[in-house]
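Peer 1: Attaching a predicted model along with its sequence, questions to come.
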Amino acid sequence: MDIDDAINELKARKASKILLQIPDGLKPESFDLFNKFSKEFNVIISSQSFYGACDIGNMEVYRDVDCIVQFGHSEIPNIKYTKPVIFIEYFYNGIEIEDDVFSILKENGIINVGLLSSVQYYKEMEYVEKKLKMLGYNVIIGDVDGRMKYPGQVLGCNFSAAHSVSGKVDGYLLVSTGLFHGIGAQLSTEKPVYILDLNQRSIKNIQPDIEKFLRKRYARIEPAMDAKKFAIVIDTKIGQYRKKLAYSIYNKVKSIGRDAIIVTADNINPVDFQNLMCDAVVFTGCPRVSIDDEDKFNMPVLTPIEFEQLFGFKGNNKYIMDEIVGVDSYSPMR
């Protein structure tokens, strides 16, 4: 859907007041976008950063608008949005990759390739699929669960596309930039994961990065073994709302003789938890908070599955990435 389509859709919905969510990379276009939409509607732009289709903002922000327009992400189909949301997807496109870049795959015995992509590079994934087939690879694009829109798509919290083809592939090629999605994909499968970095025009095996990540992560969460007071956080973002899981973790904390409280947060702020004087945090929202922002906190911040593994509720010695398959219905706290 483009901007004209979105405007037509808003008119069809008889929307009057709309909220625009613009990712940080597109914020310089805010004035142009505001002017385009304000010709037809009463418009407000959210100044806050947001983290994908799971995050349509705080209720106080959007309760007085008729519809939300979010740029840069695709819908998460199994979320029941409390307000109508129109998604305007932005796809990276137009890059050429030399044939010899892909030779690293065959050199490492990967002929059956599971192809993955984060959503903004989906068009490039289609290009890479054709290129790989032309070079003699067998390309398999996995099915996804209800949290995804496109086959082969991955989120930082969901790798169902990798799980669905794990028995059919020799390894995976992730079309993306950066390491986060690749680390998550590698931790969710036994097969090797390679990243096709579109900025570098190169493919790399991320196993050395996995080893570095795990050393740092284990060192970060280990002190939670001595924690006496745990804050269990329910993220109020509609696509990260796992209240039942939070209470399950709360009960497990109490069962090992530690103290615990349940708290809510929209944007997690390290100072808030310093003020609570807690020794450790278990965050049930996006796993990127625990992992990407770990250095901002003066106490360990664990994902739910990290807590369960650390304290023996899950007896698997292999590190498991927290994945979100579904969320609870968004309802008042009880």
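Peer 2: Looks like it arrived, so ask away. Numbering: from 1, shown residues only.

Peer 1: now the strands for the chain?
Peer 2: 17-21, 42-46, 67-71, 85-88, 112-117, 138-140, 171-176, 193-197, 202-205, 229-235, 259-265, 280-283, 301-302 (DSSP state E).

Peer 1: Could you work out the end-to-end span of stretch 63-70 for me?
Peer 2: 16 Å (Cα to Cα, to the nearest Å).

Peer 1: What average pLDDT does it get?
Peer 2: For stretch 63-70, the mean pLDDT works out to 89.

Peer 1: can you check stretch 193-205 too?
Peer 2: 90.

Peer 1: Spatially nearest residue to L10 (excluding sequence neighbours)?
Peer 2: Counting by Cβ to Cβ, 6 or more residues apart in numbering, the nearest residue to L10 once its immediate chain neighbours are dropped is C67, at 5.9 Å. Quick note: C-beta positions are derived from backbone N, CA and C, even for glycine.

Peer 1: Could you do T177 as well?
Peer 2: Excluding the flanking residues, the one nearest T177 by Cβ to Cβ, 6+ apart is N199, at 5.2 Å.

Peer 1: ok, residues contacting stretch 211-226?
Peer 2: Residues outside stretch 211-226 that contact it (Cβ atoms under 8 Å, 6 or more residues apart in numbering) are 183, 279-280, 291, 294, 299-300, 302, 306-307, 310-311, 319.

Peer 1: Put together TSV for the strands of the chain, with mean neighbour count and distance to K244 on each row.
Peer 2: Below are the strands of the chain laid out as TSV (neighbours: other Cβ atoms under 10 Å; distance: least, Cβ to Cβ, whole Å):
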stretch	mean neighbour count	distance to K244
strand 17-21	21	27
strand 42-46	16	28
strand 67-71	23	26
strand 85-88	20	24
strand 112-117	24	29
strand 138-140	16	34
strand 171-176	26	31
strand 193-197	24	31
strand 202-205	16	38
strand 229-235	23	10
strand 259-265	15	12
strand 280-283	28	14
strand 301-302	26	18
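
Peer 1: Can I have the buried ones of the contacts of stretch 211-226 as a ChimeraX selection?
Peer 2: Those of those that count as buried under 16 or more other Cβ atoms under 10 Å are selected in ChimeraX with:
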select :183,279,280,291,299,300,302,306,307,310,311
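
Peer 1: Closest to V154 out of the contacts of stretch 211-226?
Peer 2: Minimum distance to V154 across the contacts of stretch 211-226 is 11.2 Å, recorded for I183 (Cβ to Cβ).

Peer 1: and the closest one, what is it in contact with?
Peer 2: I206, D209, I210, F213.

Peer 1: How much space separates it from E126?
Peer 2: Counting by Cβ to Cβ, to the nearest Å, the separation of I183 from E126 is 24 Å.

Peer 1: what's the answer for F313, then?
Peer 2: Taking Cβ to Cβ, one finds F313 at 41 Å from E126.

Peer 1: re earlier: quickly check the contacts of stretch 211-226 for the two that are furthest apart.
Peer 2: I183 and D279 (26.9 Å).

Peer 1: Tell me which stretches of this structure form helices.
Peer 2: 3-12, 30-38, 59-62, 103-107, 122-134, 160-163, 180-187, 207-221, 243-255, 270-276, 287-292, 304-310 (DSSP state H).

Peer 1: any residues touching the last one, and which ones?
Peer 2: Just to be clear, that refers to helix 304-310. Residues contacting helix 304-310 (Cβ under 8 Å, 6+ apart): 217, 221-222, 224-225, 242, 245, 248-249, 252-253, 282, 284, 290, 302, 313-314, 316, 319-322.

Peer 1: Buried ones among those?
Peer 2: Burial by neighbour count, 16+ other Cβ under 10 Å: within those this picks out 217, 221, 224, 242, 245, 248-249, 252-253, 282, 284, 290, 302, 321-322.

Peer 1: ok, back up a step: may I see the helices of the chain organised as a markdown table, with distance to I86 added?
Peer 2: Conversion of these to a markdown table gives the following (distance: least, Cβ to Cβ, whole Å):
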| stretch | distance to I86 |
| --- | --- |
| helix 3-12 | 5 |
| helix 30-38 | 11 |
| helix 59-62 | 13 |
| helix 103-107 | 39 |
| helix 122-134 | 18 |
| helix 160-163 | 25 |
| helix 180-187 | 25 |
| helix 207-221 | 36 |
| helix 243-255 | 27 |
| helix 270-276 | 33 |
| helix 287-292 | 25 |
| helix 304-310 | 32 |
